[in-house]
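Engineer: okay, sequence plus prediction incoming.
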Amino acid sequence: MLKMVDHSGSFMKIELGNIQRDMGIIANVRGNGTYIGFDTPSAKDADLIQSWLLKSGILVGRSGLTTLSMRPPLCMIPSEAAHLRNALKNYVSNHEMNQNQWA
(Lines give C-alpha, C1' and ligand atoms only; values in the text may rest on other atoms or scores of the structure.)
Protein backbone atom coordinates (compact mmCIF):
# COMPACT_ATOMS: atom_id res chain seq x y z
CA MET A 1 0.00 0.00 0.00
CA LEU A 2 2.76 2.46 0.87
CA LYS A 3 4.43 1.85 -2.51
CA MET A 4 1.14 2.68 -4.25
CA VAL A 5 0.84 5.93 -2.26
CA ASP A 6 4.40 6.90 -3.17
CA HIS A 7 3.90 5.98 -6.81
CA SER A 8 0.57 7.85 -7.11
CA GLY A 9 1.94 10.91 -5.28
CA SER A 10 5.04 11.00 -7.48
CA PHE A 11 2.87 10.69 -10.59
CA MET A 12 0.63 13.58 -9.44
CA LYS A 13 3.58 15.84 -8.62
CA ILE A 14 5.25 15.13 -11.97
CA GLU A 15 2.05 15.79 -13.90
CA LEU A 16 1.29 18.96 -11.93
CA GLY A 17 4.88 20.07 -12.55
CA ASN A 18 4.35 19.54 -16.27
CA ILE A 19 1.18 21.65 -16.15
CA GLN A 20 3.05 24.31 -14.19
CA ARG A 21 5.82 24.37 -16.82
CA ASP A 22 3.66 24.06 -19.93
CA MET A 23 0.52 26.01 -19.03
CA GLY A 24 1.48 28.38 -16.24
CA ILE A 25 -1.86 28.20 -14.41
CA ILE A 26 -0.30 26.80 -11.22
CA ALA A 27 3.00 27.19 -9.37
CA ASN A 28 4.92 25.87 -6.38
CA VAL A 29 3.72 22.26 -6.56
CA ARG A 30 4.56 20.58 -3.27
CA GLY A 31 3.63 17.78 -0.93
CA ASN A 32 4.36 14.31 0.34
CA GLY A 33 2.71 11.12 -0.82
CA THR A 34 -0.72 11.98 -2.13
CA TYR A 35 -1.10 15.06 0.11
CA ILE A 36 -0.30 17.70 -2.50
CA GLY A 37 -0.83 21.42 -2.88
CA PHE A 38 -0.12 24.12 -5.44
CA ASP A 39 -0.51 27.86 -5.80
CA THR A 40 -2.64 29.84 -8.24
CA PRO A 41 -1.94 33.40 -9.46
CA SER A 42 -4.81 34.98 -7.49
CA ALA A 43 -7.76 34.25 -5.24
CA LYS A 44 -10.05 34.61 -8.27
CA ASP A 45 -8.03 32.00 -10.17
CA ALA A 46 -8.15 29.71 -7.13
CA ASP A 47 -11.95 30.09 -7.04
CA LEU A 48 -12.28 29.30 -10.75
CA ILE A 49 -9.89 26.35 -10.75
CA GLN A 50 -11.37 24.89 -7.56
CA SER A 51 -14.88 25.17 -8.96
CA TRP A 52 -13.80 23.51 -12.23
CA LEU A 53 -12.07 20.65 -10.42
CA LEU A 54 -15.06 20.07 -8.14
CA LYS A 55 -17.36 19.97 -11.19
CA SER A 56 -14.89 17.48 -12.70
CA GLY A 57 -15.29 15.19 -9.69
CA ILE A 58 -12.01 16.07 -7.98
CA LEU A 59 -12.16 16.98 -4.30
CA VAL A 60 -9.85 19.91 -3.74
CA GLY A 61 -9.68 22.22 -0.75
CA ARG A 62 -8.28 25.65 -0.02
CA SER A 63 -5.25 26.42 2.10
CA GLY A 64 -5.26 30.20 2.13
CA LEU A 65 -6.36 32.60 -0.57
CA THR A 66 -4.42 31.23 -3.52
CA THR A 67 -3.43 27.68 -2.57
CA LEU A 68 -5.35 24.54 -3.50
CA SER A 69 -4.68 21.24 -1.77
CA MET A 70 -5.71 17.63 -2.16
CA ARG A 71 -5.85 14.68 0.22
CA PRO A 72 -6.97 11.80 -1.96
CA PRO A 73 -7.53 8.35 -0.47
CA LEU A 74 -4.45 6.25 0.10
CA CYS A 75 -5.82 3.62 -2.28
CA MET A 76 -5.70 6.04 -5.23
CA ILE A 77 -3.86 4.64 -8.25
CA PRO A 78 -1.96 6.61 -10.93
CA SER A 79 -4.74 6.26 -13.51
CA GLU A 80 -7.08 8.01 -11.06
CA ALA A 81 -4.45 10.71 -10.52
CA ALA A 82 -4.42 11.22 -14.29
CA HIS A 83 -7.98 12.51 -13.94
CA LEU A 84 -6.55 15.57 -12.13
CA ARG A 85 -4.07 16.20 -14.93
CA ASN A 86 -6.77 15.89 -17.57
CA ALA A 87 -9.17 18.16 -15.68
CA LEU A 88 -6.54 20.91 -15.42
CA LYS A 89 -5.72 20.60 -19.12
CA ASN A 90 -9.43 20.83 -19.93
CA TYR A 91 -9.72 23.87 -17.66
CA VAL A 92 -7.16 25.69 -19.79
CA SER A 93 -8.91 24.82 -23.03
CA ASN A 94 -12.30 25.91 -21.63
CA HIS A 95 -11.25 29.21 -20.03
CA GLU A 96 -9.35 32.20 -21.34
CA MET A 97 -6.10 32.39 -19.44
CA ASN A 98 -3.76 35.37 -19.38
CA GLN A 99 -0.32 34.05 -20.35
CA ASN A 100 1.37 36.67 -18.16
CA GLN A 101 -0.71 36.05 -15.08
CA TRP A 102 2.34 35.55 -12.82
CA ALA A 103 3.93 38.84 -13.94
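Structural biologist: Nice, thanks for sending it over.

Engineer: what segments of the protein are strands?
Structural biologist: Secondary structure of the chain by DSSP state E: the strands cover 27-32, 35-39, 61-62, 67-70.

Engineer: the inter-axis angle of the second one versus strand 27-32?
Structural biologist: Relative orientation of strand 35-39 with respect to strand 27-32: 170 degrees, computed using axes from the mean of the first three to the mean of the last three Cα atoms, to 10 degrees.

Engineer: parallel or antiparallel, list what pairs with strand 35-39.
Structural biologist: Within its sheet, strand 35-39 is paired with strand 27-32 (antiparallel), strand 67-70 (antiparallel), according to DSSP bridges.

Engineer: got the contact list for the longest one?
Structural biologist: Spelled out, that is strand 27-32. 9, 13, 16-17, 20, 36-41, 69, 102 (Cβ atoms under 8 Å, 6 or more residues apart in numbering). (Glycine included, C-beta is placed from N, CA and C.)

Engineer: spit out the contact partners of residue 37.
Structural biologist: With Cβ under 8 Å, 6+ apart, residue 37 has these contacts: 29-31, 63, 67-70.

Engineer: in the worst-scoring helix or strand of the chain on mean pLDDT, what counts as buried?
Structural biologist: In the chain, no helix or strand scores lower on mean pLDDT, DSSP states H and E than helix 78-94, which sits at a mean of 85. Neighbour-count burial for helix 78-94, with 16 or more other Cβ atoms under 10 Å as criterion, is recorded at 81, 84-85, 87-89, 91-92.
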